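>>> Predicted model, plus sequence, below.
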Amino acid sequence: MSLITLNQASLAYGHHPLLDQTDFSLEEGERVGLIGRNGTGKSTFLKILNRAEALDSGTIQYQQGLRINYVAQEPLFDPDKSIFEVVSQGLSELLQCIYDYSNGIGDMDELFNRIDTLGGWGWEQRVEQSLEQLRLNGKLLTGTLSGGTLKRVALAQALVCTPQVLLLDEPTNHLDLESIDWLASLLTEFKGSAIVITHDRSFLDKVTTRIVELDRGRLRSYFGNYSQFRVSKESQIAQESVINAKADKLLAQEEIWIRKGVEARRTRSVARIARLEELRAQRQSRREAVGKVKLNIDTGNRTGKIVSELENVSLSFGDKCIVKDFSSIILRGDKIGLLGPNGAGKTTLLKLILGSLEPDSGTVKFGTQLQIAYFDQMRGALNLDDTLENFISPGSEWIEIGDQRQHVKSYLADFLFSPARANSPVRSLSGGERNRLLLARLFARPANVLVLDEPTNDLDIETLELLEELLENYKGTVFLVSHDRAFLDNVVTSLIAYEGASNWREYEGGIQDWLVQSRRAGKSISSLTSSESYHPSLSNDSQTRSDPSPSISTTGLKKKLGYKEQRELDGLPNQIETLEIEQKKIAALIEDGSIFSSDPRKANDLLTRSTQIESELIGLLERWEILSAKS
């Protein structure tokens, strides 16, 4: 049953409409991932559904009495109010009814029935349960909270009134990995329907039952999660290209015909001329896909082999120890991800590594010719009153990247800012566009060390993937702070992970490698999720943290494999090979996308089986590592 239905909806703020006579419906129990390029109108669309924006034309219908709650991208609260007070505001209608009833204002019977319908006689308990569910201290003032905790407060305020529809705009921004996993579990168990705007591909895969793409004013639906969407989208793009190419070829032929000599003009048919006019109109009204961002960076002077060398470094602020006895050698070309919960001290550790802070004890040595470029997640470098052109290149119309000289308007066009917007103020940009502008400024200057603090916030997925590709091919050194699991796995060569009690440790590879290595090092998952430590898996157990020594724990392991274990180890390569062959066959079947049109059910079965195979392969590989270590 449809909860919300849009018919022929249109809305325009500029030359191109954000919504162009498009349709949409939200069904009960659906979890929809809303994606699209920055500036296409995703946030505006959520505001329309929340009745905060009006359509230019078309209709929108709601199920009677539908309860909708919206969590903004950047929630704003009174800094002097406690978390309990702010969350209670989610029950504003109920509290008003209780106030009127207590003071004898209005119809007592009607007010009593309304309070009873809203389940309001135990409203304090409902607020406390909401705070407990989201792990919040109701006594704290919102003005003292981090961005991630403010997101939790906004979610608690939205959930306390048990909405039927939850609208979330970039809910994973400022959340650490553990919180993102927790939010995914919360949404999966949510009884109502949800629409989520996010760039986090892993999150979309875990949560969504349908992907809706806002593309050139139209809302296109793809059933399944983000991985299934990518397969369907590639097929659609290929089909669209073929259709447009045929239409352009026919138009060209008709244009040649209409321009023939006098004899042809005497015999031309009225119907053919009308068709030509129709083809011209269709071509003129066609909205082409927005081009891709062109990312390029000058790596500047080559650094020495060693960028930074830390030996037994410790740092405290007052009584709080942030880093304790940390040692590491950072080499030129390393791509290092910093992993830890909000407040663990990732930024502080970065400043130690790069020399912005002096350690209390230990030594730090730096390489030569370091040119450091810093991307600030809080966008502190943005002057909202500056123009885009002056922000990128103050006082000059030209910028130089390496040995190339480029006009600033042309450079802005590489980041999808049209020349007409070059003199627009920065404040006119959306959150994602501001991040894109910061990247444009970052890459306009030579740098052999990039420090990227949450660069993925608000970026659309396509730009995110292009940024991944740039960083993979970048010859300099990268320090990356991010809670985007897929982004980290695709970019970093090693991780520096927080392990509780001010301890940091370096691991080779990405997040999946970290999980395997931390298990092999004898660390239980529950110990890494205790109140003083961190791990992306969720657990309520709290045990003593294991010895952080890099040696592999052999407690409880036999010195020699048993007969059954040896047979299992010998058989694992064949099992892995069989699964990989099956996976390749499935990939070949779905590669061209035609099966999604001819047999959608079989296509979905194949996608499900492909996901199962991936999970089985990971399990077998982990088992192989365990048995190999024992042998």
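Nice, thanks for sending it over.

>>> Contacts only, for residue 509.
By Cβ atoms under 8 Å, 6 or more residues apart in numbering, residue 509 lies in contact with 492-495, 517. Bear in mind the C-beta positions are built from the backbone N, C-alpha and C, glycine included.

>>> Tell me which of these fall in helices.
residue 517 (DSSP state H).

>>> Name the member of the contacts of residue 509 with the shortest distance to residue 595.
residue 492 (35.2 Å; Cβ to Cβ).

>>> As JSON lines, the contacts of residue 509 with neighbour count would be great.
Formatted as JSON lines, the contacts of residue 509 follow (neighbours: other Cβ atoms under 10 Å):
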{"residue": "492", "neighbour count": "28"}
{"residue": "493", "neighbour count": "16"}
{"residue": "494", "neighbour count": "18"}
{"residue": "495", "neighbour count": "22"}
{"residue": "517", "neighbour count": "19"}
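
>>> In strands, which of the contacts of residue 509 appear?
494-495 (DSSP state E).

>>> those helices in the stretch 451-600 of the chain, which residues are they?
Per DSSP state H, counting those that start in this stretch, the stretch 451-600 of the chain carries helices over the ranges 461-473, 485-491, 511-520, 525-528, 563-590, 595-598, 600-630.

>>> and the fifth one, what other elements does it pack with?
Secondary-structure packing of helix 563-590 (3 or more Cβ pairs under 8 Å, 6 or more residues apart in numbering; DSSP states H and E): helix 600-630.

>>> what distance separates the helix it packs on from the centre of its chain?
Centroid separation for helix 600-630 versus its chain: 25 Å, with Cα atoms, centre = their mean, to the nearest Å.

>>> That helix vs helix 563-590, what angle?
Using axes from the mean of the first three to the mean of the last three Cα atoms, to 10 degrees, the direction of helix 600-630 lies 150 degrees away from that of helix 563-590.

>>> So which bits of helix 600-630 are buried?
Across helix 600-630, burial judged by 16 or more other Cβ atoms under 10 Å covers 603, 606-607, 610, 613, 620, 623-624, 626-627, 630.

>>> Which member of those residues is positioned nearest residue 49?
Nearest member of the buried residues of helix 600-630 to residue 49, counting by Cβ to Cβ, is residue 607, at 28.8 Å.

>>> nearest spatial neighbour of that closest one, skipping sequence neighbours?
Counting by Cβ to Cβ, 6 or more residues apart in numbering, residue 607 lies nearest to residue 228, which is 5.2 Å off, once chain neighbours are set aside.

>>> next one: residue 372
According to Cβ to Cβ, 6+ apart, the nearest residue to residue 372 is residue 449 (4.5 Å).

>>> I am assuming that neighbour contacts residue 477, so please confirm or correct that.
Yes: Residue 449 is within contact range of residue 477, at 4.8 Å (criterion: Cβ atoms under 8 Å).

>>> Could you report the pLDDT at residue 261?
Residue 261 carries a pLDDT score of 49 in this model.

>>> got it, and residue 164?
93.

>>> next one: residue 403
pLDDT, residue 403: 70.

>>> Now do it: how many residues are near it, please.
Counted by other Cβ atoms under 10 Å, the residues lying close to residue 403 total 6.

>>> residues touching it, list them.
Per Cβ under 8 Å, 6+ apart, neighbours of residue 403: none.

>>> do residue 460 as well
Here residue 460 is in contact with 35-38, 199, 432 (criterion: Cβ under 8 Å, 6+ apart).

>>> Helices - which of those residues land there?
Using DSSP H, these in helices are residue 432.

>>> List the buried residues for the host helix or strand of residue 188?
Element membership for residue 188, per DSSP states H and E: helix 177-189. Of the residues in helix 177-189, 177-184, 186-187 count as buried by neighbour count, 16+ other Cβ under 10 Å.

>>> so which of the residues you listed comes closest to residue 154?
Closest to residue 154, out of all of these and judged by Cβ to Cβ, is residue 183, at 11.7 Å.

>>> returning to what we had before: okay, the contacts of residue 460 in CSV with neighbour count, pLDDT and distance to residue 367 next?
What follows is those, written out as CSV (neighbours: other Cβ atoms under 10 Å; pLDDT from 0 to 100; distance: Cβ to Cβ, whole Å):
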residue, neighbour count, pLDDT, distance to residue 367
35, 26, 93, 40
36, 23, 88, 42
37, 23, 83, 39
38, 22, 78, 36
199, 24, 87, 33
432, 23, 74, 34
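
>>> Show me what secondary structure element comes after the helix holding residue 188.
Next helix or strand after helix 177-189 toward the C-terminus (DSSP H and E): strand 193-197.

>>> Name the residues that touch that next one?
Under Cβ under 8 Å, 6+ apart, the answer for strand 193-197 is 3, 26-35, 42-43, 46, 49, 73, 164-171, 187, 204, 207-208, 212.

>>> can you tell me which of those residues are in strands?
Among those, the members falling in strands (DSSP E) are 3, 26-27, 31-35, 165-169, 212.

>>> For the buried ones among the residues you listed, write the corresponding PyMOL selection.
Selection of the buried residues among those in PyMOL, burial being defined by 16+ other Cβ under 10 Å:
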select buried, resi 3+26+31+32+33+34+35+165+166+167+168+169+212
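
>>> Which single one of the ones in strands among the contacts of strand 193-197 is nearest to residue 568?
Of all those, residue 31 has the smallest distance to residue 568: 38.7 Å, by Cβ to Cβ.

>>> Let me know whether the closest one touches residue 211 as I believe.
No: look at residue 31 against residue 211 with Cβ under 8 Å: they stay out of range, at 10.3 Å.

>>> what residue ranges in the stretch 301-450 of the chain are flagged as low confidence?
Scanning the stretch 301-450 of the chain for pLDDT under 70 picks out 301, 303, 376-381, 402.

>>> Next, count neighbours for residue 573.
11.

>>> residue contacts, it?
Residue 573 neighbours (Cβ under 8 Å, 6+ apart): residue 624.

>>> State the distance from it to residue 579.
From residue 573 across to residue 579, the span is 11 Å (Cβ to Cβ, to the nearest Å).

>>> what's the answer for residue 138, then?
In terms of Cβ to Cβ, residue 138 sits 50 Å off from residue 579.

>>> what does residue 88 give?
53 Å.

>>> who has more neighbours, the two?
Neighbours per residue, other Cβ under 10 Å: of residue 88 and residue 579, the larger number sits with residue 88, 22 against 16.

>>> Go ahead and confirm the more buried one touches residue 125.
No: using Cβ under 8 Å, residue 88 is not in contact with residue 125; the gap is 11.9 Å.

>>> From the chain's centroid, how far away is stretch 163-175?
That offset, for stretch 163-175, works out to 12 Å (Cα atoms, centre = their mean).

>>> quick one on the thing from earlier: and the strand or helix carrying the residue nearest to residue 607, average pLDDT?
Following DSSP H and E, one finds residue 228 within helix 226-258. Averaging pLDDT along helix 226-258 gives 69.

>>> what are the ranges of the helices in the stretch 51-200 of the chain?
All helices of the stretch 51-200 of the chain, identified by DSSP H, counting those that start in this stretch, fall at 83-88, 92-102, 108-117, 123-133, 147-159, 177-189.

>>> and the last one, what's its mean pLDDT?
Mean per-residue pLDDT for helix 177-189: 86.

>>> Repeat that for the third one.
Confidence for helix 108-117, expressed as mean pLDDT, is 83.

>>> same check, this time on the fourth one
Across helix 123-133, the average pLDDT comes to 86.

>>> by how many degrees do it and helix 147-159 diverge?
140 degrees.

>>> again with the second one
Relative orientation of helix 92-102 and helix 147-159, computed by the same axes, to 10 degrees: 50 degrees.

>>> Show residues contacting helix 92-102.
With Cβ under 8 Å, 6+ apart as the criterion, helix 92-102 contacts 88, 105-106, 108, 111-112, 114-115, 118, 120, 123, 161.
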